[in-house]
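Visitor: Provided below are the primary sequence and the corresponding predicted coordinates.
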Amino acid sequence: MNLRAFSVGLLLVGAGLTATLTECHQDLGAAPLESQAPPSSGSGKLRIYDVPEPVEELAQDPGEREEFLRLQQTGEPAQRTPLIETFVQKYPESKYLGQVHHMATLDYRSLNQPEKMFEHGQETLRHSPDNIPILALMALAHSDKGDPDRSIQLASRALGRLQKIVRPANTDPQQWEAEYRQYTAQSLAGLGHAYLVKYEMERQTPKKASPAGESSAGPAGAETDPDQAKAQESPSAGSSRLATLHLARAFGYLTKSLIEEPRSQFVHFHLGVVSTRLKRFPQAIDAFARASLLEGGYREISRRNLESLYRITHQNSLDGLQDLLAQARVDLAGGNGKPAPVTEESGEPGPE
């Protein structure tokens, strides 16, 4: 099957591969927010993020302290968010605002209210610019809003902070390591996702067309100087090279993310998209297979993409797919969710 038929095949499976990343997320509805962010530990002991502890005597009145403690003790997001909104309005100069906005950001994420999550995430970073979980979460949020450059900035800051952070002596080493790897994985995923969005945006940038009647031959049929011709062609060629570079970076960061967290459905799905764009079809099949086996909102679209790619690369047959899924299930159970290595077989499928 040729590449044209391959493209048509992918078009039939839905928005996940042929549409922009924004359209893909719209197609999935509530799924992306749940898939992007690691769950909060809820322990409050690891301190892997930097939110200054307020000094109790600086509270404006005893009621402020009491209401803040009530927020901390309310564990249900649907119950806590109204209390948070009241607290923020009532105490706009509170020394607790950094922590309150942090709680609100995670609560609204779990409630799948992205606009409120974004609002409180912005406020959290204003009070605490080195808050690692919020930096990583907001990196993904900015990509969803079409601002991948801001995403790259925030994810890079999170990784830089992680490289410098020192585990406090009173924390559990294993739990600390788990959260450290978790936020490293999420930050890398944020970078990979941002570069995939940049790739999609670059692909959709309109190319400047030559004015009617002009050609590379130059005016009056005269031959164009080679350097001049090269300069005329450079915008389109440069755009193509830049898009390819974005895609290569996306592949690299997503692959590194899986080293830290092999069971991320979000990363496996987007690695499948990137691998398809790179025509690394065995890797794309491998990634979609894993994404289709993991819990989350990308399960159905991953399975559709998997079956479409498998048919295209196996003479319109699904023979052997169950064996591939069985091996993927074994790999995931063993913690080896990392993508398959790139092989020489990766490339455009041949004719049937």
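Guide: Yep, that arrived.

Visitor: could you list the low-pLDDT ranges of this protein?
Guide: Residue ranges of the chain with pLDDT under 70: 1-60, 206-238, 335-352.

Visitor: quick one: the strands in it?
Guide: Counting by DSSP state E, the chain has no strands at all.

Visitor: quick one: the helices in the stretch 251-352 of the chain?
Guide: Using DSSP state H, counting those that start in this stretch, the helices of the stretch 251-352 of the chain run over 265-277, 281-293, 299-313, 321-333.

Visitor: just the stretch 51-200 of the chain next, same as before
Guide: Remark: helices assigned in the stretch 51-200 of the chain by DSSP H, counting those that start in this stretch are 62-73, 77-90, 97-110, 114-127, 132-144, 148-164, 173-203.

Visitor: could I have the shortest one exported to CSV, CA atoms only?
Guide: Looking back up the chat, that one is helix 62-73. What follows is helix 62-73 as a C-alpha-only set of coordinates in CSV (Å, rounded to 0.1, in the frame of the first residue of the first chain):
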residue,chain,number,x,y,z
PRO,A,62,-7.7,34.0,64.0
GLY,A,63,-10.5,33.3,61.6
GLU,A,64,-8.2,33.2,58.6
ARG,A,65,-6.0,30.5,60.2
GLU,A,66,-9.1,28.5,61.1
GLU,A,67,-10.5,28.7,57.6
PHE,A,68,-7.2,27.7,56.1
LEU,A,69,-7.0,24.6,58.4
ARG,A,70,-10.5,23.7,57.3
LEU,A,71,-9.4,23.8,53.7
GLN,A,72,-6.5,21.4,54.4
GLN,A,73,-8.8,19.0,56.3
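
Visitor: now that helix: buried residues?
Guide: Judged by neighbour count (16 or more other Cβ atoms under 10 Å), helix 62-73 contains these buried residues: 64-65, 67-68, 71. (Each C-beta comes from the backbone N, C-alpha and C, glycine too.)

Visitor: tell me what it is packed against?
Guide: helix 77-90, helix 97-110 (3 or more Cβ pairs under 8 Å, 6 or more residues apart in numbering; DSSP states H and E).

Visitor: save these as JSON lines, and put in distance to Ala158 too.
Guide: Below are those laid out as JSON lines (distance: least, Cβ to Cβ, whole Å):
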{"stretch": "helix 77-90", "distance to Ala158": "23"}
{"stretch": "helix 97-110", "distance to Ala158": "14"}
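
Visitor: mean neighbour count, these: which tops it?
Guide: helix 97-110 (a mean of 23; mean count of other Cβ atoms under 10 Å).

Visitor: among the helices of the stretch 51-200 of the chain, which is nearest Ser317?
Guide: With Cβ to Cβ as the measure, helix 173-203 is the member of these nearest Ser317 (30.1 Å).

Visitor: which strands or helices does the closest one pack on?
Guide: If contacts are counted by 3+ Cβ pairs under 8 Å, 6+ apart, helix 173-203 sits against helix 21-28, helix 132-144, helix 148-164, helix 226-260, helix 265-277.

Visitor: got a markdown table for those, with mean neighbour count and distance to Phe288 too?
Guide: Formatted as a markdown table, those follow (neighbours: other Cβ atoms under 10 Å; distance: least, Cβ to Cβ, whole Å):
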| stretch | mean neighbour count | distance to Phe288 |
| --- | --- | --- |
| helix 21-28 | 18 | 13 |
| helix 132-144 | 26 | 20 |
| helix 148-164 | 19 | 23 |
| helix 226-260 | 16 | 13 |
| helix 265-277 | 28 | 4 |
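
Visitor: can you redo those as TSV with distance to His120?
Guide: Putting the helices and strands packed on helix 173-203 into TSV (distance: least, Cβ to Cβ, whole Å) gives the following:
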stretch	distance to His120
helix 21-28	20
helix 132-144	9
helix 148-164	15
helix 226-260	25
helix 265-277	21
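
Visitor: which among those is found nearest to Gln174?
Guide: Closest approach to Gln174 among the helices and strands packed on helix 173-203 (Cβ to Cβ): helix 226-260, 15.2 Å.

Visitor: including distance to Ser317, could the helices of the stretch 51-200 of the chain go into TSV?
Guide: Formatted as TSV, the helices of the stretch 51-200 of the chain follow (distance: least, Cβ to Cβ, whole Å):
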stretch	distance to Ser317
helix 62-73	57
helix 77-90	47
helix 97-110	42
helix 114-127	41
helix 132-144	37
helix 148-164	38
helix 173-203	30
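
Visitor: how far away is the closest residue to Ala248 other than its chain neighbours from Phe266?
Guide: Of all residues not flanking Ala248 in the chain, Leu278 sits nearest, at 7.7 Å (Cβ to Cβ, 6 or more residues apart in numbering). The gap separating Leu278 from Phe266 is 19 Å, by Cβ to Cβ, to the nearest Å.

Visitor: now do Leu325
Guide: Taking Cβ to Cβ as the measure, Leu325 falls 19 Å from Phe266.

Visitor: and Pro62, by the same measure?
Guide: For Pro62, the distance to Phe266 - Cβ to Cβ - is 44 Å.

Visitor: ok, now Tyr199?
Guide: As judged by Cβ to Cβ, Tyr199 and Phe266 stand 17 Å apart.

Visitor: for Leu191, see how far away the closest residue to Ser187 other than its chain neighbours is.
Guide: Excluding its sequence neighbours, the residue lying closest to Ser187 (Cβ to Cβ, 6+ apart) is Ala158, at 4.2 Å. Remark: distance between Ala158 and Leu191 (Cβ to Cβ) = 9 Å.
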